[in-house]
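**Student:** Okay, structure incoming, though there's no sequence with it:
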């Protein structure tokens, strides 16, 4: 049995943060119904695509079913009400107040379904000076200090991480928060509301290292160089390697691996704090040594000696990396008329259960009729809803 088997999730979220959370729940056995607008989730148009199905959408919405509701219409909101009554979890990432304006305030949701876990994801929070602004990943990277943590090498200008880091870590935080709320429900017999902002998730992510100079308030110690200040790959003769050697034995094996054990005897590099303070000088010594190395030989030699090292994989290399293959991390999924797609198995492997293979993502509105029939709607009512435009069904059957 999968951990979340029997849990029904109503996913009103879009783009990345909410969908990532509910995709994890689907991986873990939950039944996830994705409610989309007539125009579809924006992520259907992000990244390489075949028709309405983009790579980003497929990855973030694997294993879900889709129904299209025009929530501007009263009849569509009635359908949503029926879905809420039978759900265990509702996830949305609308701007603050949007659910209230639709008639689904936190109080209304609790009245409709006292057992419902209601997760609301916002950019900055439900209230505050920034709360009403539109938010995407780059905005949160900027305000949370992430840009200041990732600076351009030459200019030291703040830089954006070129992946949707804030969105994805918010999704991970959201998935954990929902399961915690479900556990609490198992003890109290009632659901509840969970509020999560991308800003708070990003700040929590920053705090252990990027913001550690701001932790002590009373008689603070001297500032410590940031962990990542000199943390970038070393260029080898035919590629790049990444190394972290915070412990003394690791540092000594790194020096030996680069061919100069005497570096470890330099008093500037005698301890981890001293190496951090003299990071640029140490980097200047190691870079020409690394440039003389063949990547694979360097990795094999240092790994055997106990140095934490990894070959820098280009994206194509990830697909054939020996450890990735050994872990069976990437699986091929038959996505019907799209052909095969590569998806990731859930990172958490639950021992004793069946191995989970991620399922295809839904076409826009693909499961609308099926979901309505499960609610007990007869053919006449479904026809009335579609004629009015409250529910949008595919014009013809789509292949899953």
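**Tutor:** Arrived safely, thanks for sending. Here the structure is a predicted model, which is why all the values come from computation and not from measurement. Numbers count the residues shown, from 1 in each chain.
**Student:** Return the helix or strand in this protein with minimum mean pLDDT.
**Tutor:** The helix or strand of the chain with the lowest confidence, counting by mean pLDDT, DSSP states H and E, is helix 272-277 at a mean of 91.
**Student:** residues in contact with whichever helix in the chain runs longest?
**Tutor:** For the chain, the longest helix by residue count, based on DSSP state H, is helix 165-188. With contacts defined as Cβ atoms under 8 Å, 6 or more residues apart in numbering, helix 165-188 is touched by 4, 7, 15-25, 88-89, 91, 115, 117, 119, 121, 136-137, 140-141, 144, 146, 191-192, 194, 196, 198, 201-202, 204-205. Any C-beta I mention is one placed from the backbone N, CA and C, and that applies to glycine too.
**Student:** And stretch 378-387, by the same measure?
**Tutor:** By Cβ under 8 Å, 6+ apart, stretch 378-387 touches 75, 76, 79, 369, 372, 373, 377, 391, 392, 393.
**Student:** quick one: which helix or strand includes the second one?
**Tutor:** Looking back up the chat, that one is residue 76. For residue 76, the element it lies in under DSSP states H and E is helix 74-85.
**Student:** Summarise which helices and strands that helix is packed against.
**Tutor:** Helices and strands touching helix 74-85, by 3 or more Cβ pairs under 8 Å, 6 or more residues apart in numbering; DSSP states H and E, are strand 31-36, strand 65-69, helix 106-112, helix 379-388, strand 391-392.
**Student:** list the buried ones in that helix?
**Tutor:** For helix 74-85, a neighbour-count test (16 or more other Cβ atoms under 10 Å) marks 76, 77, 79, 80, 82, 83, 84 as buried.
**Student:** now swap in stretch 371-391 and tell me
**Tutor:** So, applying 16+ other Cβ under 10 Å, buried residues of stretch 371-391: 371, 372, 377, 382, 385, 386, 390, 391.
**Student:** Any idea how far apart the tips of that stretch sit?
**Tutor:** 11 Å (Cα to Cα, to the nearest Å).
**Student:** repeat for stretch 67-87
**Tutor:** 15 Å.
**Student:** Same check on stretch 9-20?
**Tutor:** End-to-end distance for stretch 9-20, by Cα to Cα: 13 Å.
**Student:** Now residue 289: closest residue in space, sequence neighbours ignored.
**Tutor:** What sits nearest to residue 289 in space, not counting adjacent residues and going by Cβ to Cβ, 6 or more residues apart in numbering, is residue 258, at 4.1 Å.
**Student:** No further queries at this time; thank you.
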